[in-house]
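Participant: Predicted model follows, preceded by the sequence.
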Amino acid sequence: MYAEFDTPEPSPATRRDRHLIAFGIGAAVVSTVLFVITLTVLAPGIHAQQRGIDCPSTTSPAGVVTGSGPGDFSNGPAAILGFNHAYYVQRSAEQARRFLTADALVGPSGKLQAGIDAVPADTYHCVTISPLERIGDADLWAVTVTEYHPDSEPYAPRQIITTRTVGELTLISSIARA
(Lines give C-alpha, C1' and ligand atoms only; values in the text may rest on other atoms or scores of the structure.)
Protein backbone atom coordinates (compact mmCIF):
# COMPACT_ATOMS: atom_id res chain seq x y z
CA MET A 1 0.00 0.00 0.00
CA TYR A 2 2.62 2.42 0.92
CA ALA A 3 5.63 2.84 -1.19
CA GLU A 4 8.75 1.42 0.31
CA PHE A 5 11.87 3.41 -0.02
CA ASP A 6 15.28 2.09 0.21
CA THR A 7 16.92 4.10 3.02
CA PRO A 8 20.44 3.28 3.98
CA GLU A 9 21.34 2.67 7.63
CA PRO A 10 23.18 5.66 9.11
CA SER A 11 26.85 5.12 9.72
CA PRO A 12 28.13 4.91 13.32
CA ALA A 13 29.73 8.37 12.91
CA THR A 14 26.38 9.89 11.85
CA ARG A 15 24.63 8.29 14.83
CA ARG A 16 27.28 9.66 17.17
CA ASP A 17 26.88 13.15 15.67
CA ARG A 18 23.11 13.00 16.18
CA HIS A 19 23.60 12.00 19.83
CA LEU A 20 26.02 14.87 20.37
CA ILE A 21 23.60 17.34 18.77
CA ALA A 22 20.72 16.04 20.92
CA PHE A 23 22.90 16.25 24.04
CA GLY A 24 23.95 19.82 23.15
CA ILE A 25 20.35 20.93 22.62
CA GLY A 26 19.33 19.33 25.93
CA ALA A 27 22.17 21.03 27.79
CA ALA A 28 21.23 24.39 26.25
CA VAL A 29 17.59 23.98 27.32
CA VAL A 30 18.57 23.03 30.89
CA SER A 31 21.00 25.97 31.09
CA THR A 32 18.34 28.40 29.87
CA VAL A 33 15.78 27.12 32.39
CA LEU A 34 18.29 27.38 35.25
CA PHE A 35 19.25 30.92 34.17
CA VAL A 36 15.61 32.05 34.13
CA ILE A 37 14.96 30.49 37.55
CA THR A 38 18.05 32.21 38.97
CA LEU A 39 16.96 35.59 37.61
CA THR A 40 13.47 35.14 39.01
CA VAL A 41 14.77 34.30 42.47
CA LEU A 42 17.61 36.84 42.67
CA ALA A 43 16.24 39.80 40.72
CA PRO A 44 13.88 41.10 43.44
CA GLY A 45 16.74 41.19 45.96
CA ILE A 46 19.09 42.92 43.57
CA HIS A 47 16.38 45.38 42.58
CA ALA A 48 15.49 46.08 46.22
CA GLN A 49 19.13 46.66 47.13
CA GLN A 50 19.39 49.21 44.36
CA ARG A 51 16.32 50.97 45.74
CA GLY A 52 17.79 51.04 49.25
CA ILE A 53 20.76 53.00 47.90
CA ASP A 54 18.36 55.71 46.69
CA CYS A 55 17.78 57.03 50.25
CA PRO A 56 20.99 58.71 51.36
CA SER A 57 21.07 60.22 54.85
CA THR A 58 21.01 63.99 54.40
CA THR A 59 20.12 67.12 56.35
CA SER A 60 19.38 70.30 54.41
CA PRO A 61 20.21 73.81 55.67
CA ALA A 62 16.45 74.22 56.36
CA GLY A 63 16.55 71.20 58.70
CA VAL A 64 14.88 68.69 56.36
CA VAL A 65 16.21 65.23 57.18
CA THR A 66 16.10 62.30 54.76
CA GLY A 67 17.20 58.75 55.46
CA SER A 68 16.37 55.21 56.50
CA GLY A 69 18.98 54.54 59.16
CA PRO A 70 18.52 53.15 62.67
CA GLY A 71 18.09 56.53 64.36
CA ASP A 72 18.48 57.16 68.08
CA PHE A 73 16.95 59.23 70.89
CA SER A 74 18.98 62.45 70.43
CA ASN A 75 16.36 64.57 68.63
CA GLY A 76 13.02 64.43 66.80
CA PRO A 77 14.26 63.33 63.38
CA ALA A 78 16.52 60.68 64.95
CA ALA A 79 13.58 59.24 66.95
CA ILE A 80 11.38 59.23 63.83
CA LEU A 81 14.09 57.43 61.84
CA GLY A 82 14.51 54.93 64.68
CA PHE A 83 10.78 54.17 64.82
CA ASN A 84 10.62 53.62 61.05
CA HIS A 85 13.77 51.48 61.05
CA ALA A 86 12.20 49.25 63.72
CA TYR A 87 8.98 49.11 61.68
CA TYR A 88 10.40 48.38 58.20
CA VAL A 89 13.80 46.76 58.84
CA GLN A 90 13.55 45.05 62.23
CA ARG A 91 9.81 44.47 61.67
CA SER A 92 9.22 44.63 65.41
CA ALA A 93 6.44 46.49 67.23
CA GLU A 94 8.38 45.96 70.45
CA GLN A 95 11.45 47.72 69.02
CA ALA A 96 9.30 50.47 67.47
CA ARG A 97 7.61 51.10 70.86
CA ARG A 98 11.01 52.00 72.34
CA PHE A 99 10.74 55.25 70.37
CA LEU A 100 7.28 56.13 71.79
CA THR A 101 6.29 57.89 75.00
CA ALA A 102 4.34 55.75 77.47
CA ASP A 103 1.17 57.72 76.63
CA ALA A 104 1.79 57.96 72.87
CA LEU A 105 -1.27 58.28 70.67
CA VAL A 106 -0.41 55.16 68.69
CA GLY A 107 -2.36 51.90 68.58
CA PRO A 108 -1.57 48.98 70.90
CA SER A 109 1.41 46.70 70.18
CA GLY A 110 -0.78 44.00 68.63
CA LYS A 111 -2.27 46.43 66.14
CA LEU A 112 1.16 47.92 65.42
CA GLN A 113 2.61 44.44 64.77
CA ALA A 114 -0.36 43.59 62.52
CA GLY A 115 0.44 46.72 60.48
CA ILE A 116 4.08 45.68 60.22
CA ASP A 117 3.12 42.16 59.16
CA ALA A 118 0.85 43.56 56.42
CA VAL A 119 3.84 45.21 54.70
CA PRO A 120 5.81 42.83 52.42
CA ALA A 121 9.03 41.75 54.15
CA ASP A 122 11.34 43.02 51.40
CA THR A 123 9.86 46.53 51.37
CA TYR A 124 12.42 49.31 51.52
CA HIS A 125 11.61 52.73 52.94
CA CYS A 126 12.85 56.29 52.82
CA VAL A 127 11.81 58.91 55.36
CA THR A 128 11.69 62.67 54.75
CA ILE A 129 11.22 64.78 57.90
CA SER A 130 10.51 68.53 57.77
CA PRO A 131 10.25 70.73 60.86
CA LEU A 132 6.84 72.38 61.30
CA GLU A 133 6.69 74.18 64.65
CA ARG A 134 7.32 73.96 68.36
CA ILE A 135 4.30 74.09 70.67
CA GLY A 136 5.28 74.16 74.35
CA ASP A 137 7.54 71.15 74.92
CA ALA A 138 6.45 69.43 71.68
CA ASP A 139 7.99 69.58 68.23
CA LEU A 140 5.78 68.90 65.20
CA TRP A 141 7.20 67.33 62.05
CA ALA A 142 5.81 66.79 58.55
CA VAL A 143 6.88 63.26 57.64
CA THR A 144 6.65 61.33 54.39
CA VAL A 145 7.54 57.65 54.53
CA THR A 146 8.00 56.35 50.99
CA GLU A 147 7.54 52.58 50.86
CA TYR A 148 9.15 50.72 47.97
CA HIS A 149 7.21 47.46 47.72
CA PRO A 150 8.79 44.65 45.69
CA ASP A 151 6.01 44.35 43.09
CA SER A 152 4.22 47.69 43.01
CA GLU A 153 4.68 51.41 42.67
CA PRO A 154 6.08 53.39 45.63
CA TYR A 155 3.55 54.38 48.28
CA ALA A 156 4.18 57.62 50.19
CA PRO A 157 1.77 58.34 53.06
CA ARG A 158 2.16 61.69 54.83
CA GLN A 159 2.07 62.09 58.57
CA ILE A 160 2.30 64.71 61.28
CA ILE A 161 4.50 63.37 64.06
CA THR A 162 4.90 65.02 67.45
CA THR A 163 8.06 64.45 69.50
CA ARG A 164 8.86 65.37 73.11
CA THR A 165 12.05 65.15 75.13
CA VAL A 166 11.50 63.08 78.26
CA GLY A 167 14.53 63.17 80.53
CA GLU A 168 17.39 62.79 78.08
CA LEU A 169 15.43 60.87 75.44
CA THR A 170 13.50 62.37 72.54
CA LEU A 171 10.44 60.20 71.88
CA ILE A 172 7.38 60.22 69.63
CA SER A 173 4.15 61.17 71.41
CA SER A 174 1.77 61.01 68.43
CA ILE A 175 1.55 59.95 64.81
CA ALA A 176 -1.35 61.24 62.73
CA ARG A 177 -2.19 61.20 59.03
CA ALA A 178 -1.55 64.52 57.35
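Facilitator: Nice, thanks for sending it over.

Participant: can you map out the strands along the chain?
Facilitator: For the chain, the strands defined by DSSP state E cover 58-59, 65-67, 100-105, 124-135, 138-148, 158-166, 169-177.

Participant: What's the local residue count around the closest residue to Val65 other than its chain neighbours?
Facilitator: Computed as CB to CB, 6 or more residues apart in numbering, the closest residue to Val65 that is not its neighbour in sequence is Pro77, at 4.0 Å. Any C-beta I mention is one placed from the backbone N, CA and C, and that applies to glycine too. Other residues near Pro77 number 26, with proximity taken as other CB atoms under 10 Å.

Participant: domain assignment for this structure?
Facilitator: Domains of the chain are assigned by automatic domain parsing as 10-53, 55-177.

Participant: looking at the ones you listed, which has the lowest confidence?
Facilitator: With a mean of 50, domain 10-53 has the lowest mean pLDDT of the domains of the chain.

Participant: Ala121 and Arg91 touch, don't they?
Facilitator: Yes. With contacts counted by CB atoms under 8 Å, Ala121 reaches Arg91, the gap being 6.9 Å.

Participant: residues in contact with the residue nearest to Ser74 when sequence neighbours are not counted?
Facilitator: Leaving aside its chain neighbours, Ser74 sits nearest to Thr170 (6.4 Å; criterion: CB to CB, 6+ apart). By CB atoms under 8 Å, 6 or more residues apart in numbering, the residues touching Thr170 are 73-76, 78-79, 163-164.

Participant: Which parts of the chain are helices?
Facilitator: Using DSSP state H, the helices of the chain run over 12-53, 76-85, 93-97, 109-118.

Participant: Check what contacts the shortest one and list those residues.
Facilitator: Read that as helix 93-97. 83, 86-87, 90, 109-110, 112-113, 116.

Participant: Show me just the buried residues among those residues.
Facilitator: The neighbour-count test (16 or more other CB atoms under 10 Å) marks 83, 86-87, 112-113, 116 as buried among the contacts of helix 93-97.

Participant: Serialize these to a markdown table and add fields for distance to Gly136.
Facilitator: Shown next, in a markdown table, are those (distance: CB to CB, whole Å):
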| residue | distance to Gly136 |
| --- | --- |
| Phe83 | 21 |
| Ala86 | 27 |
| Tyr87 | 27 |
| Leu112 | 26 |
| Gln113 | 32 |
| Ile116 | 31 |
